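In: this one's structure only:
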């Protein structure tokens, strides 16, 4: 893992829009009193400043007024709101690399720490991890998913998930990972979490914490665009559906290969890893529904 001489171990970089001060107050309440500094990454607002959104990656609107291009992961349009979300993560990676932190915990402003969050992060930092990205959050799903065990962290486990899950509201990245993510994202039209959790896009090693120590708060998405709107305006080019299906198959194979660390027989050791913590009270399906409307990995 790259480190900065004399650098600090971990910084928190939380993406927040100026029109959501209530969410920033919640972030300060949930993460502001932890041992690691909390930094606000001022997000770009697709509703109020579309030019600023496009400027982050030098993108253009291929299908005005609100579609940047074709979604590289799904057979539909990639909307300006999705570009704004991705731009927030890009800015967080850049700000992290400009800092003196060895690791960054990137947060979206609807992230909510669960009981024991600080302890499990302290344990993770003390133990270390042989990975580039640690996923700390995912959209609520009942039960568990197949995964390969990596290490025990008290009541949590580090695992390599065999099934990607929507959500990019909380994850830890190394400096190497941030550099690679910035180098590989280019101008690709792909939602942030589809990009992050598909090793075929960047070649990074990913581990998950099970169960998630962070969950989305259930607040309504401020960037969501309905799936129907993404599909309705333009007909997909001929053959695109097949091309997307082949790409998704390649992504799936790459994910399994990376999880098994290039040893297919390791898949025989897969166990079931819990998704959400037992204490998490979903209350309603707002977060899951909002993520489905934004449609990343869901």
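Out: Happy to help now that I have it. Computed from a predicted structure; not experimentally measured.

In: residue closest to the middle of the chain?
Out: For the chain, the residue sitting closest to the mean C-alpha position, by CA atoms, centre = their mean, is residue 168 at 2.3 Å.

In: Tell me how far it lies from residue 46.
Out: Per CB to CB, to the nearest Å, residue 168 is found 17 Å from residue 46. The C-beta positions use only the backbone N, C-alpha and C, and glycine is treated the same way.

In: ditto for residue 157
Out: The value you get for residue 157 to residue 46, if CB to CB is used, is 37 Å.

In: Of these two, which one has the most company?
Out: Ranked by neighbour count (other CB atoms under 10 Å), residue 157 and residue 46 place residue 46 first, with 23 against 19.

In: Give me the pLDDT for the closest residue to that one other than its chain neighbours.
Out: Nearest residue to residue 46, sequence neighbours excluded (CB to CB, 6 or more residues apart in numbering): residue 84, at 4.0 Å. Note for residue 84: predicted pLDDT of 98.

In: repeat for residue 293
Out: Confidence score, pLDDT, at residue 293: 47.

In: And for residue 288?
Out: pLDDT, residue 288: 47.

In: same question, residue 221
Out: 59.

In: again with residue 228
Out: pLDDT, residue 228: 52.

In: Then residue 218?
Out: The predicted local confidence for residue 218 is 73.

In: Next: residue 72.
Out: pLDDT, residue 72: 86.

In: List phi and psi for the closest residue in space to it that isn't next to it in sequence.
Out: Nearest non-adjacent residue to residue 72, counting by CB to CB, 6+ apart: residue 190, 4.4 Å away. As for residue 190, its main-chain torsions (degrees, to the nearest 10) stand at phi -150, psi 140.

In: My guess is residue 190 contacts residue 200. True?
Out: No - contact criterion CB atoms under 8 Å: residue 190 and residue 200 do not qualify, at 11.3 Å.

In: Compare neighbour counts for these two and give me the winner.
Out: residue 190 (20 against 15).

In: Which neighbouring residues are in contact with that one, exactly?
Out: Shown in contact with residue 190 (CB atoms under 8 Å, 6 or more residues apart in numbering): 71, 72, 73, 78, 86, 201.

In: which among these gets closest to residue 17?
Out: Nearest to residue 17, judged by CB to CB, of those is residue 86 at 14.2 Å.

In: for the closest residue to the closest one other than its chain neighbours, what are its contacts?
Out: Spatially, and ignoring its direct neighbours in sequence, residue 86 is nearest to residue 192 (4.6 Å; CB to CB, 6+ apart). Neighbour list for residue 192: 85, 86, 88, 89, 168, 296 [criterion: CB under 8 Å, 6+ apart].

In: so the third one is in which element?
Out: Okay, so that is residue 88. Assessed by DSSP states H and E, residue 88 sits inside helix 80-97.

In: For the helix or strand following that helix, which strands pair with it and how are they oriented?
Out: Heading C-terminal from helix 80-97, the first helix or strand you meet, by DSSP H and E, is strand 101-108. Paired strands of strand 101-108, with direction, are strand 8-16 (parallel), strand 170-174 (antiparallel) (DSSP bridges).

In: With that, I have no additional questions.
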